[in-house]
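Visitor: Here's my sequence, what's the structure:
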Amino acid sequence: MPEARVLVVDDEPLVRSGMRDFVDKDGRLQWVGEARSGTEAVEMVRTLKPELMLLDIQMPELDGFGVMEALGSQVPPAVVFVTAFNDFAVRAFDVHAVDYLLKPFEEERFTTAITRALQRLGDPEQAMRAGEWQAALGSIRARAQSAQRLLVKDDGRITVVPVDDIDWIEAADNYVKLHTRVRTWMLRESMRDVEQQLEGSGFARAHRSAIVNLARVRELQPLFGGEHVVLLTTGARITLSRGYRDSFRARLATG
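Guide: Numbering: from 1, shown residues only. Okay, here's the model as predicted:
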C-alpha cells in the first residue's frame, strides 16, 4: 500500500518525465499528477490534496516560493524542493532541515529525499508548522537572490553562467536574454525575478526591457526627451529611459 500520493511540479517536460520514472519505481509512492507551472500546481494541490509534493523552485511567473505562499495552510504535509540553486543557497535548505533535490540528481539521491519526507509524514511532531515554513522560505529565498551565477536550462542540461560574464539582460516574452561576450543565453525567468536575484550584484535597470551590468558601461549619450543611450564597452547600445534615468545614474555613480 503506497504511503504517499505524489504531485510533481516542474516546468521542464524532461524533468517531469524523469521524476515520473522514479516515482513509478518506488512502491511507497502513488503518482497523482504533474503540474507544468506554479499556477497549475496551486489548483491541482487544492483539488487532488496530495500528501507529498515535489516542487521546482525556479519557474516563470509563479515560482516555488510563490506556490507555497499561495497555498498557505493548504501546503501538502510533505514537500521536497527540486532546485538548481548554487551551493550557497542550498545551505539554507540544510540549516532549516528542508528536504530538497539538487539538479541534476540520480535515483539514489531521489530515494534518500523521499525517505526523509516520508519519515516526516509519518511523524507529525517532525512536520514543519506554518510559521517555520515561512521562516525557512524567507531564508532560502534571501540566499537564492544573492546570485553569483545564473543557471540556464537547455535541452535537459544546466549551464552555469557567472553573473560577472553578463554584459546586459534583455526581456523576451516569457524569457530573458543573457548577453555575454561569448554568446546569448535564453533563461526562462521574468525580468522582475532576475532583477531581484541580481540585487547587490552591480546591475541596474535601464529600461523596462533591459538590465545592464554597470561594470560594462563606457558612457551615457543624451538623446531627446530626457532619454539617453548607454554605450557599453562591448559596443552594445541600450536605451536608458527617462523613468529609470535618475536611479541608473545614481547606481552608476556609487558602483
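Visitor: Now do the contacts for the residue most central in space within the chain.
Guide: By C-alpha atoms, centre = their mean, the chain has its centre lying nearest to residue 58, at 2.5 Å. Residues near residue 58 by C-beta atoms under 8 Å, 6 or more residues apart in numbering: 64, 83, 84, 85, 151, 189. Where C-beta positions appear, they are placed from N, C-alpha and C, glycine not excepted.
Visitor: Show me those residues that map onto strands.
Guide: Taking DSSP state E, the ones among the contacts of residue 58 that sit in strands are 83, 151.
Visitor: Ranking by neighbours, what's the top pick from the contacts of residue 58?
Guide: residue 64 (24 neighbours; other C-beta atoms under 10 Å).
Visitor: And the spatially closest residue to that one that is not a sequence neighbour, what's its pLDDT?
Guide: With sequence-adjacent residues excluded and distances taken as C-beta to C-beta, 6 or more residues apart in numbering, residue 64 is closest to residue 57, at 3.6 Å. Listed pLDDT for residue 57 reads 82.
Visitor: Pretty sure residue 57 sits against residue 83.
Guide: Yes. Taking C-beta atoms under 8 Å as the definition, residue 57 is a contact partner of residue 83 at 4.6 Å.
Visitor: between the two, what contacts are shared?
Guide: Counting by C-beta under 8 Å, 6+ apart, the common neighbours of residue 57 and residue 83 are residue 64.
Visitor: what pLDDT does residue 242 get?
Guide: 87.
Visitor: Then the one 10 residues further on?
Guide: Residue 252 carries a pLDDT score of 84 in this model.
Visitor: in the one helix or strand it maps to, what counts as buried?
Guide: Per DSSP states H and E, residue 252 falls inside helix 242-254. Using 16 or more other C-beta atoms under 10 Å as the test for burial, helix 242-254 gives 244, 248, 251, 252.
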